[in-house]
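# Structure, please.
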Amino acid sequence: MEEYIDIHSHILPGIDDGAKNFEMSMEMLQIAQENGIKAIILTPHHKPMGHNAGAEKIRTLAGQLQERAGQAGLEIKLYTGNEFYYSSEMVRELEEKRVCTMADSDYVLVEFGPMDGMEHIRGGLYQVLSAGYRPILAHVERYENVCKDVGRIEDLIAMGCYIQVNGGSILGKYGMGVKQMLRKLLKKKLVHFVATDAHSSGKRSPEMAECAHYLQKRYGEEYTDRLLRVNPSQIIANRYI
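Take a look at the predicted model:
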């Protein structure tokens, strides 16, 4: 397979807690290519009351990074996006096009605080859905009040939400408790996307190959293909999964 699409990354230089400069961005792209990643959705953080880059700045930086990647012989296609920390202003900002959806689609990547209550998370995602967008809940394994009951994740999916988890969490890099919980979700096929959530060329780099091998061995090639290629390609095509 080895034509993965990474839908969650912090590779754009100097605009959030991801890559510090273009040099690090290029190092990250090199690692991504070595791991079989052929396309990346760039999702810098967008936080309430934060010093956030606007859509124009994100598109400009993405264009510059794509050009440098081409000059370096890297065959990776870059798309723009944002990772939204949910707030009541999110939908208005989307409608005013001051921020980026995922690859200019109706999909949006949404995160919450790790201790946020289930009602707050459900209500926020419902607001995004009601505005006509397709929310992807970022790194679901971080939300204690969501993950304490698999039924809560099933309810969010039934609402129309999609579930993303981080590859490092699947491999146990954030504790065995998280790994065991994700095994339950993957076994029940309650995960739609596995992404890197890469922030650097060091500890949190855009590595996918080890996780892909683990997924293929444990859950089969067909489901792995859906998680790393088929479902992400539906975002880019702006089609339902």
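
# residue ranges for the helices of the chain, please.
In the chain, the helices defined using DSSP state H lie at 22-34, 55-71, 90-95, 118-130, 144-147, 150-159, 167-170, 176-187, 209-219, 221-225, 231-236.

# Kindly compare burial across the ones you listed and name the winner.
The highest average neighbour count among these, using mean count of other Cβ atoms under 10 Å, belongs to helix 167-170 at a mean of 24. For every residue, glycine as well, the C-beta is placed using N, CA and C.

# Now that helix: average pLDDT?
Average pLDDT, helix 167-170: 98.

# and stretch 70-84, which residues are buried?
74, 76, 78-84 (16 or more other Cβ atoms under 10 Å).

# roughly how far is that stretch from the heart of the chain?
Relative to the chain's own centre, stretch 70-84 is displaced by 14 Å; criterion: Cα atoms, centre = their mean, to the nearest Å.

# Contacts for it next, please.
Stretch 70-84 is contacted by residues 7-8, 10, 26, 29-30, 32-33, 37-46, 55, 58-59, 62, 65-66, 69, 90, 99-104, 108-111, 138, 236 when judged by Cβ atoms under 8 Å, 6 or more residues apart in numbering.

# what mean pLDDT would you report for that stretch?
Mean predicted confidence for stretch 70-84 is 98.

# related to what we said a few turns ago, could you dump the helices of the chain to JSON lines with distance to Gly14?
Below are those laid out as JSON lines (distance: least, Cβ to Cβ, whole Å):
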{"stretch": "helix 22-34", "distance to Gly14": "8"}
{"stretch": "helix 55-71", "distance to Gly14": "8"}
{"stretch": "helix 90-95", "distance to Gly14": "21"}
{"stretch": "helix 118-130", "distance to Gly14": "28"}
{"stretch": "helix 144-147", "distance to Gly14": "32"}
{"stretch": "helix 150-159", "distance to Gly14": "34"}
{"stretch": "helix 167-170", "distance to Gly14": "24"}
{"stretch": "helix 176-187", "distance to Gly14": "30"}
{"stretch": "helix 209-219", "distance to Gly14": "28"}
{"stretch": "helix 221-225", "distance to Gly14": "34"}
{"stretch": "helix 231-236", "distance to Gly14": "25"}
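
# Nearest to Val230, out of the buried residues of stretch 70-84: which one, please.
Ranked by distance to Val230 (Cβ to Cβ), the buried residues of stretch 70-84 are led by Tyr79 at 16.4 Å.

# give me the beta-bridge partners of that closest one?
Ile41 (DSSP bridges).

# Kindly report the same for Arg134.
Tyr107.

# sorry, back to before: to Ala198, which of the helices of the chain lies closest?
Short answer: helix 22-34, nearest of the helices of the chain by Cβ to Cβ, at 6.0 Å.

# for the closest one, packing partners?
helix 55-71 (3 or more Cβ pairs under 8 Å, 6 or more residues apart in numbering; DSSP states H and E).
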